[in-house]
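K.L.:
the following comprises the amino acid sequence and a computationally predicted model.
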Amino acid sequence: MVRKTLLDSGVHVVSERIAAVNSVAAGLWVSTGSRDEPAPLAGITHLVEHMVFKGTRRRRMHHIARRLESVGGYLNAFTAKEYTCFETRALEEHLVRSIDTVADLVTGPQFPEHELSNEKGVVLEEMKMYADTPDDVVLEHFEDIVYAGHALAHPVLGNADTVLAVSRSDLVDWLEQRYTPDRIVVAASGNVKHEALVRAARRALVDLRESRGMRTRTAVGRYVPQRREVLRPISQAHMVMGCRGLSVHHPKRAALIVLRTILGGGMSSRLNQNIREKYGFCYNVSAFLNMYSDTGDFGVYMGVDPAAVDKAERLIRREYAKLASRPVSARMLKHSKNQIRGALLIGLENVTNRMARIARQEIFFGKQKSIDRTLEELGSVQAQDVQDLAASLLKPKELSCVVVLPAPTS
């Protein structure tokens with residue numbers, strides 16, 4: 001059972017007790033991400049996430065790094081399009097230490113000026129790492145098309161110019177504007193008592209800034225399909241073909257997950273069987289989906305021999321058309337549902353995954369959906385639902401295609 005308490009400050013505290021384990025995964029989640037950034041500050045959310053580890057009012061940088069490692073735990077953080085997470089995993093007796101540590105990061109960071117220049121260099125190196133990874137490059141260009149003109153089109157890291165221009169005062173202002181109680185969820189899963197979590201959160205977050213109310217996020221504009229080719233000094237071509245998808249709130253969300261699994265969710269999927277196994281055009285092919293609070297995207301990624309790009313594109317379009325033109329078999333539908341169910345339940349054997357699940361539920365829905373309810377929604381998906389969804393989403397003229405190709409050698 002997931003328990004929830006709303007603190008007087010507006011912070012949401014959610015927990016799920018699993019008495020059979022010795023540890024607790026705990027996280028402080030902030031409902032702010034790269035989509036909330038104005039263009040001149042692209043990348044500031046990610047930079048804040050880095051800089052809070054450079055020292056707080058109570059702890060120096062090396063003290064933060066050792067705080068949980070010294071008791072056998074770990075501390076990590078990441079930034080996404082719509083939220084930022086500071087997460088821990090430690091033995092259950094160190095729950096207070098875990099919550100105190102992540103709370104200190106968001107209530108008392110000092111953003112030392114002498115560390116800011118260094119950390120910008122670290123982020124620029126991170127950008128270079130992704131720029132040298134063609135499967136990341138092709139997805140970035142795909143998002144740039146699907147969400148053109150919107151902050152969702154920008155990489156979470158921002159770009160070199162905007163990151164280099166961020167000042168210490170920008171970081172302070174961003175923290176004060178966005179890291180407010182109404183945007184914060186404290187979540188824990190494992191051998192945790194809810195009352196203890198509430199006490200720890202209330203005590204650790206006493207210095208939070210005053211809530212300013214959740215701002216309405218800017219909606220994405222009209223989607224205009226495009227085809228784009230990008231040249232890079234690589235050997236293999238990388239392709240993405242897809243379109244706008246569904247939001248996390250869409251009633252056909254479960255059907256889209258089934259559609260993705262049938263199309264490219266594993267070695268038995270249609271794409272793997274018909275492109276990799278039958279023709280040998282690729283080593284890696286898969287379908288993906290991203291669902292946000294008000295929109296989403298869906299597509300297929302493939303690494304392919306440059307000479308086979310056109311053939312591979314035709315095969316992907318053929319699979320899209322087949323899904324849209326006739327229902328999948330009862331056997332394939334059952335197989336895909338079982339695959340999704342198994343992956344979900346196996347994933348929930350990890351307490352960090354369980355913690356992330358209840359935190360995201362709170363961020364996106366403001367309430368908890370049981371695993372049983374999720375499985376019921378999955379079970380209710382019919383073959384006709386999958387076909388109807390494919391027909392509405394995967395229209396040939398609505399598909400965008402990005403191909404990263406090897407640059408000609410001189």
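P.N.:
Happy to help now that I have it.

K.L.:
list the contacts for His94?
P.N.:
Neighbouring residues of His94 by C-beta atoms under 8 Å, 6 or more residues apart in numbering: Val24, Leu68, Val71, Gly73. From N, CA and C alone the C-beta is placed, and that goes for glycine too.

K.L.:
any regions of the stretch 101-250 of the chain where pLDDT drops low?
P.N.:
211-214 (pLDDT under 70).

K.L.:
what segments of it are helices?
P.N.:
For the stretch 101-250 of the chain, the helices defined by DSSP state H, counting those that start in this stretch occupy 113-131, 134-146, 160-165, 168-178, 194-204.

K.L.:
and Val106, which of these is closest to it?
P.N.:
Smallest distance to Val106 across the helices of the stretch 101-250 of the chain (C-beta to C-beta): 7.5 Å, for helix 168-178.

K.L.:
the closest one: how far from the chain's middle?
P.N.:
23 Å (C-alpha atoms, centre = their mean, to the nearest Å).

K.L.:
ok, stretch 242-255 next?
P.N.:
In terms of C-alpha atoms, centre = their mean, the centre of stretch 242-255 is set 15 Å apart from its chain centre.

K.L.:
one step back: of the contacts of His94, grab the buried ones for ChimeraX.
P.N.:
Typed into ChimeraX, the line below selects the buried ones among those, using 16 or more other C-beta atoms under 10 Å:
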select :24,68,73
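
K.L.:
pLDDT for the contacts of His94 - can I get that in JSON lines?
P.N.:
Formatted as JSON lines, those follow (pLDDT from 0 to 100):
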{"residue": "Val24", "pLDDT": "98"}
{"residue": "Leu68", "pLDDT": "95"}
{"residue": "Val71", "pLDDT": "96"}
{"residue": "Gly73", "pLDDT": "96"}
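
K.L.:
Ser117: which of the contacts of His94 is nearest?
P.N.:
Taking C-beta to C-beta as the measure, Ser117 lies nearest Leu68 of the contacts of His94, at 27.3 Å.

K.L.:
can you give me the buried ones in the strand or helix carrying that closest one?
P.N.:
Using DSSP states H and E, Leu68 falls within helix 61-69. Counting neighbours by 16+ other C-beta under 10 Å, one finds that the buried residues in helix 61-69 are Ile64, Arg67, Leu68.

K.L.:
with stretch 222-241 instead?
P.N.:
Within stretch 222-241, the residues scored as buried using 16+ other C-beta under 10 Å are Tyr223, Pro225, Arg232, Ile234, Gln236, Ala237, His238, Met239, Val240, Met241.

K.L.:
quick one: mean pLDDT over the host helix or strand of Glu362.
P.N.:
Element membership of Glu362, judged by DSSP H and E, is helix 351-365. For helix 351-365, the mean pLDDT works out to 97.

K.L.:
export that helix as PDB, just CAs?
P.N.:
Provided in PDB are the C-alpha atoms of helix 351-365 (Å, rounded to 0.1, in the frame of the first residue of the first chain):
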ATOM      1  CA  VAL A 351      13.000  -0.700  -4.600                       C
ATOM      2  CA  THR A 352      14.500   2.200  -6.500                       C
ATOM      3  CA  ASN A 353      12.200   1.500  -9.400                       C
ATOM      4  CA  ARG A 354       9.200   1.400  -7.000                       C
ATOM      5  CA  MET A 355      10.200   4.700  -5.500                       C
ATOM      6  CA  ALA A 356      10.500   6.300  -8.900                       C
ATOM      7  CA  ARG A 357       7.100   4.900  -9.900                       C
ATOM      8  CA  ILE A 358       5.200   6.400  -6.900                       C
ATOM      9  CA  ALA A 359       7.000   9.700  -7.300                       C
ATOM     10  CA  ARG A 360       6.100  10.000 -11.000                       C
ATOM     11  CA  GLN A 361       2.500   9.100 -10.200                       C
ATOM     12  CA  GLU A 362       2.400  11.900  -7.700                       C
ATOM     13  CA  ILE A 363       4.000  14.400 -10.000                       C
ATOM     14  CA  PHE A 364       1.800  13.600 -13.100                       C
ATOM     15  CA  PHE A 365      -1.500  12.600 -11.500                       C
END
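
K.L.:
what lies in contact with that helix?
P.N.:
2, 4, 12, 14-16, 18, 21, 23-27, 29, 31, 82-83, 85, 87, 89, 185, 187-190, 248-249, 293, 347-348, 367-369.

K.L.:
out of the residues you listed, which are inside strands?
P.N.:
Residues of the contacts of helix 351-365 located in strands (DSSP state E): 2, 4, 12, 14-16, 23-27, 29, 85, 87, 89, 185, 187-190.

K.L.:
quick one: the helix holding Leu68 to helix 113-131, angle?
P.N.:
For helix 61-69 against helix 113-131, the angle between stretch directions is 60 degrees (axes from the mean of the first three to the mean of the last three C-alpha atoms, to 10 degrees).

K.L.:
now tell me what touches helix 61-69 from outside.
P.N.:
Against helix 61-69 from outside (C-beta under 8 Å, 6+ apart): 53-56, 59, 74-75, 88, 90, 94, 97-98, 101, 104-105, 115.

K.L.:
Lys120 and Gln110, how far apart?
P.N.:
Lys120 is 17 Å from Gln110, where distance means C-beta to C-beta, to the nearest Å.

K.L.:
out of the contacts of His94, which is nearest to Gln382?
P.N.:
Nearest to Gln382 out of the contacts of His94 is Val24 (C-beta to C-beta; 39.9 Å).

K.L.:
list the contacts for the nearest residue to that closest one once chain neighbours are set aside?
P.N.:
Once flanking residues are discounted, Val24 sits nearest to Gly190: 3.9 Å by C-beta to C-beta, 6 or more residues apart in numbering. By C-beta under 8 Å, 6+ apart, the contact set of Gly190 is Arg17, Ile18, Val21, Ser23, Val24, Ala25, Glu92, Val351, Arg354, Met355.

K.L.:
taking those together, which two end up most distant?
P.N.:
Farthest-apart pair in the contacts of Gly190 is Glu92 and Arg354; separation 14.4 Å (C-beta to C-beta).

K.L.:
those two: who's more crowded?
P.N.:
Remark: of Glu92 and Arg354, Arg354 carries more neighbours, 21 against 18, as counted by other C-beta atoms under 10 Å.

K.L.:
how close does the more buried one sit to Ala25?
P.N.:
Relative to Ala25, Arg354 is positioned 7 Å away (C-beta to C-beta).

K.L.:
now Leu344
P.N.:
If you go by C-beta to C-beta, the gap between Leu344 and Ala25 works out to 17 Å.
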